[in-house]
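Asker: here is my input; please provide its structure:
(one chain, ligands or ions: 1)
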Amino acid sequence: MPNVQLTFGWPALGALGRRALAVLLGVALLGAAAAVREFDLNILKRRIEGGGATIRVKRGETVLLRWRTDEAASLHVHGYDLRAKLSPLAPTSMRFEARVAGRFAITAHEFGAVADHESRQKEHRETTLLHLEVLPE
Ligand SMILES: [Cu+2]
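Answerer: Take a look at the predicted model:
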């Protein structure tokens, strides 16, 4: 009669199994960290340099937009309602989690030294720079 020992759960994995699991977990964590989608955007003469393309990401990814501009501007990511004042003196980063799927305009509400998103009478001067598309997986 062979000596059969039945174990369940963690002890059943053995040292090698536990090591493999730890590696898998590490890869999963790296994968999560790699899900930051970075985009370098340069505004030149009130347009995105290289053309106002569409940024596409998947829902759940972290989006990092790095802005440079040749002119002060008040930036607005529609849908997510994120705003930032851009200055030609220093790059500006916007970081957010793409929680909502859809297509959203990224606009500049005002260019120039008096860039101010809050002043309603200037809303009509909104310029669409590009679009953000968040795909539902
Ligand atoms: Cu806007």
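Asker: which residues of this protein lie near the ion?
Answerer: 76, 107 (Cβ under 5 Å from the ion). Heads up, the C-betas are built off the backbone N, CA and C, glycines and all.
Asker: now the chain against the ion: closest residue?
Answerer: Closest approach between the chain and the ion, counting by Cβ to the ion: residue 76, at 3.3 Å.
Asker: tell me the bridge partners for that residue.
Answerer: For residue 76, the beta-bridge partners under DSSP bridges are residue 83, residue 107.
Asker: need the contact list for it.
Answerer: 82, 83, 106, 107, 108, 109, 117, 126 (Cβ atoms under 8 Å, 6 or more residues apart in numbering).
Asker: likewise for residue 86?
Answerer: Contact partners of residue 86, counting by Cβ under 8 Å, 6+ apart, are 43, 67, 69, 72, 73, 74, 75, 92, 115.
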